[in-house]
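**Q** prediction below, plus the sequence it came from.
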Amino acid sequence: MIYLDNGATSYPKPPEVIESFMDVMMNYCANPGRAGHFMAARTSQEIFKTRLVLARLFNIDTPGQIVFTKNCTEGLNMAFKGILREGEHVVTTSMEHNSVVRPLKALEKKDITTTIVPCSKTGELSVEAVRKAIRPNTRIIAVTAASNVTGTKMPLEEIGRLALRLGILMMVDGAQGAGHMEIDVKKHRIDILAVPGHKGLMGPQGTGLLYVREGIPVRPLLEGGTGSRSNQLDPELTFPESYEAGTVNAPGIIALGEAARVLNKIGVGAIENHERKLTEKLQEGIKDIAGVTLYGPKNYKKKTAVVAMNIDDMDCEKVASLLNDKYGIAVRAGFHCSGLAHKTMGTERTGCVRMCPGFYTSEKEINDTIKAIKDIALSEK
Ligand SMILES: Cc1ncc(COP(=O)(O)O)c(C=O)c1O
């Protein structure tokens, strides 16, 4: 199988990640922070090391401000619902995933309002339009690092600067950025960062993280056992444990730490270069095929490894099925949990086919994909 669905979750995972997961499961996986015995202590230490290595990856000075979550959606919900208060306002964009826009929609019932800034058809965001959308009660500017439909990168540094100048929190959905492009909380002035562990970071499913800058008050989504101050019913909230109530996904988190070590060793810049080459090859290889329509920016520096297309008026689900059944190529078709992004692109009625090369994708696999698309387009004539 040629796997081009890395935008949904990365595959395969680095061997070190799989070995680490098995090592935890076979040799010491106890409940961290719940007992003083050797196995519990080792599990706690390894989880702590994961916080350190992830902090290094995102240039975070305070690893204790990293909360482990089960995916990116949980982190985004925790941040919006835990930070925002009645009467406050959020500015976001029309390229966001439903894991941003749906929690914000739900918060309307609590008198929290949102302005969605329209992006261009290729998904590009004007910082000036963001600035104009800001109101006196704006608490958060929430942007995706890169669109999951077109790959379009958002101007993080400029928005971070604007947010800092106006005293507004800058929140980044790092789902399609982490592991694919630089995300540096200091350089980009990010106050809140939600990231999945299972996409570009190449860790296991069931992992993710939320970073919240020190000093920002957050109400937890869940209350429960944290292994500390167990005789208090309403203990003072402390990072990270108050936000990780219940038994955490120790094998997943520790294997995610190994994934971050692999990423630090390869270098996100090297991964980005490799993925950009493949994206360019794929896009250049299909752009002139009669009937193919491409979406998103043409300039590869403006996007991550996502190629979105349609063939004539063929149902995108049919194209994806043909790629799977006849050519053994895994892609994703439809609306990609981002109805607003499709509206922005003008594909709200058709959806599109999305192909996401990853770190383990080869040039040969891209050549085979180009041939398959040519074949499908021709057979439609
Ligand atoms: C831009 C974006 N944000 C958020 C998410 C949600 O991530 P998760 O599935 O880890 O909750 C995704 C997943 O596809 C995404 O692409």
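**A** Received the coordinates, thanks. Residues are numbered from 1 along each chain as shown.
**Q** how about the contacts made by residue 90?
**A** Residue 90 sits next to 80, 84, 104, 112, 113, 114, 115, 138, 139, 140, 141, 142 when contact means C-beta atoms under 8 Å, 6 or more residues apart in numbering. Bear in mind the C-beta positions are built from the backbone N, C-alpha and C, glycine included.
**Q** from those residues, pick the one nearest residue 58.
**A** Distance to residue 58, by C-beta to C-beta, is smallest for residue 142 among the contacts of residue 90, at 17.2 Å.
**Q** using the three-state scheme, assign the closest one.
**A** The three-state assignment at residue 142 reads strand, by DSSP: H, G, I helix; E, B strand; the rest coil.
**Q** is it true that it touches residue 92?
**A** Yes. If you go by C-beta atoms under 8 Å, residue 142 and residue 92 touch, sitting 4.5 Å apart.
**Q** so can I have CSV of the contacts of residue 90 showing secondary structure and distance to the ligand?
**A** Shown next, in CSV, are these (DSSP: H, G, I helix; E, B strand; the rest coil; distance: C-beta to the nearest ligand atom, whole Å):
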residue, secondary structure, distance to the ligand
80, helix, 13
84, coil, 18
104, helix, 13
112, coil, 20
113, strand, 21
114, strand, 16
115, strand, 19
138, strand, 21
139, strand, 20
140, strand, 16
141, strand, 16
142, strand, 11
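**Q** burial count for residue 334?
**A** Residue 334 has 15 neighbours, counted by other C-beta atoms under 10 Å.
**Q** show me what it bridges to in the sheet.
**A** For residue 334, the beta-bridge partners are residue 352 (DSSP bridges).
**Q** so what pLDDT did it get?
**A** Predicted confidence (pLDDT) for residue 334: 95.
**Q** mind listing what's buried along stretch 70-85?
**A** Across stretch 70-85, burial judged by 16 or more other C-beta atoms under 10 Å covers 70-84.
**Q** for stretch 161-168, that is, sorry about that
**A** Going by 16+ other C-beta under 10 Å, stretch 161-168 has these buried residues: 162, 163, 168.
**Q** contacting residues around the first one?
**A** What that stands for is residue 162. Going by C-beta under 8 Å, 6+ apart, the list of residues near residue 162 reads 127, 130, 131, 141, 168.
**Q** whatever helix or strand it lives in: what's the following helix or strand?
**A** In the assignment (DSSP states H and E), residue 162 maps to helix 156-166. Sequence-wise, the next helix or strand downstream of helix 156-166 (DSSP H and E) is strand 169-173.
**Q** which residues touch that following strand?
**A** Contacts to strand 169-173, defined as C-beta under 8 Å, 6+ apart, come from residues 72, 76, 79, 83, 96-97, 99-100, 139-145, 156, 159-160, 163-164, 183, 188-194, 216.
**Q** report whether whichever helix or strand comes after that strand contacts the ligand.
**A** From strand 169-173 onward toward the C-terminus, using DSSP H and E, the following helix or strand is strand 192-196. Yes. Using C-beta under 6 Å from any ligand atom, strand 192-196 reaches the ligand at residue 196.
**Q** tell me who's in contact with the nearest residue to residue 309 once chain neighbours are set aside.
**A** Ranked by C-beta to C-beta, 6 or more residues apart in numbering and with sequence neighbours excluded, the top spatial neighbour of residue 309 is residue 294, at 5.1 Å. Listed by C-beta under 8 Å, 6+ apart, the contact set of residue 294 reads 283, 286, 287, 307, 308, 309.
**Q** okay, residue 294: pLDDT?
**A** 98.
**Q** what about it, distance to residue 150?
**A** Separation of residue 294 from residue 150 (C-beta to C-beta, to the nearest Å): 9 Å.
**Q** shared neighbours, those two?
**A** When contacts are counted by C-beta under 8 Å, 6+ apart, residue 294 and residue 150 are jointly contacted by residue 308.
**Q** counting by contacts, list what the helix or strand hosting residue 210 packs against.
**A** Per DSSP H and E: residue 210 is located in strand 208-212. Secondary structure elements in contact with strand 208-212, counted by 3 or more C-beta pairs under 8 Å, 6 or more residues apart in numbering; DSSP states H and E, are strand 66-69, helix 72-83, strand 192-196.
**Q** from the contacts of strand 169-173, which would you call buried?
**A** With neighbours counted by 16+ other C-beta under 10 Å, these contain buried members at 72, 76, 79, 83, 96-97, 99-100, 139-145, 156, 159-160, 163, 183, 188-194.
**Q** give the contact list for residue 258.
**A** 14, 16, 17, 19, 20, 203.
**Q** now the residue positioned nearest the centre of the chain: how far from residue 182?
**A** Most central in the chain under C-alpha atoms, centre = their mean is residue 175, positioned 0.4 Å from the mean C-alpha point. From residue 175 across to residue 182, the span is 15 Å (C-beta to C-beta).
**Q** what do you get for residue 188?
**A** Distance of residue 188 to residue 182, computed by C-beta to C-beta: 8 Å.
**Q** residue 115 now?
**A** Separation of residue 115 from residue 182 (C-beta to C-beta): 28 Å.
**Q** kindly report the same for residue 351.
**A** As for residue 351, its distance to residue 182 is 30 Å (criterion: C-beta to C-beta).
**Q** repeat for residue 325
**A** The value you get for residue 325 to residue 182, if C-beta to C-beta is used, is 38 Å.
**Q** contacts only, for residue 225.
**A** Neighbouring residues of residue 225 by C-beta under 8 Å, 6+ apart: 34, 245, 246.
**Q** surely the first one is in a strand?
**A** No. According to three-state DSSP, the state of residue 34 is coil, so it is not within a strand.
**Q** just checking, it touches residue 40?
**A** Yes. Assessed by C-beta under 8 Å, residue 34 is found in contact with residue 40 at 5.9 Å.
**Q** more neighbours, residue 325 and residue 182?
**A** Higher neighbour count among residue 325 and residue 182: residue 182, with 16 against 9, using other C-beta under 10 Å.
**Q** any idea how far the closest residue to that one other than its chain neighbours is from residue 290?
**A** In space, and not counting its chain neighbours, residue 182 is closest to residue 268: 6.0 Å by C-beta to C-beta, 6+ apart. Look at residue 268 and residue 290: by C-beta to C-beta, they are 37 Å apart.
**Q** thanks a lot, see you next time.
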